[in-house]
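1. Predicted coordinates and the sequence they were generated for:
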Amino acid sequence: MTVPALDALRSALPVSYVVLDADDRITHVSSPLHDDLGRWLGHVLWDHLPGAREVYGPAFALARASGEPVETIVFYSGRVKRLVVIPAEDGLAVHVERLAELDVTSLVTLRLSLERIERALAGRGSAQLDSRARASLQALP
């Protein structure tokens, strides 16, 4: 992704995002995600996240096919995340917002975390595309 596109993404979305090339190789990781994904720079995302292609892949494919940003809620690895996938000519910018995490320490923490997840998901089933994502698409090549 070009430097102007990265700058537009940085100003349009919150700070947690990853940039992938056309082969889903990680080309850039924002600071908040660097501890989790930074060591995989230059690697194909799917090589390090077992089963993630089935969860994230449909949103990536839809963004690429439509040329439009795609917003979705996913559950992967015990976390509920909101993704905004923004296509560009040379790849994708993927904004990641963690909404809730499953805590299996005890039955009490499990119940409480499931309640948090339920609240986080309430009303998001028909979420409209965030205006920040639309604005950032206009700035991308």
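-> Cool, got the structure. Residues are numbered from 1 along each chain as shown.

2. Every contact and neighbour count from this point should use C-alpha atoms.
-> Noted.

3. Now do the same for E118: its pLDDT.
-> Per-residue pLDDT puts E118 at 81.

4. any idea how far it lies from L99?
-> 10 Å (C-alpha to C-alpha, to the nearest Å).

5. between the two, who's got more neighbours?
-> More neighbours surround L99 than the other of E118 and L99, with 17 against 13 (other C-alpha atoms under 10 Å).

6. wait, is that one part of a strand?
-> Yes. When classified by DSSP: H, G, I helix; E, B strand; the rest coil, L99 is found to be part of a strand.

7. which ones are touching it?
-> Going by C-alpha atoms under 8 Å, 6 or more residues apart in numbering, L99 touches 79-82, 117, 120.

8. and which of the residues you listed is nearest E68?
-> R82 (16.5 Å; C-alpha to C-alpha).

9. Now that closest one: which helix or strand?
-> Following DSSP states H and E, one finds R82 within strand 79-88.

10. Listing partners with orientation, what would you give for that strand?
-> Applying DSSP bridges, strand 79-88 is found paired with strand 70-76 (antiparallel), strand 91-101 (antiparallel).

11. next SSE after the longest one?
-> Which is strand 91-101. With DSSP H and E, the next secondary element past strand 91-101 is helix 107-121.

12. Which positions in that following helix come out as buried?
-> Residues 113-114, 116-117, 120-121 are the ones in helix 107-121 that count as buried (16 or more other C-alpha atoms under 10 Å).

13. same deal with stretch 40-53?
-> Burial within stretch 40-53, assessed by neighbour count using 16+ other C-alpha under 10 Å, is assigned to 40-41, 43-46.

14. Need the max-distance pair from the residues you listed.
-> L41 and W46, at 12.4 Å, using C-alpha to C-alpha across the buried residues of stretch 40-53.
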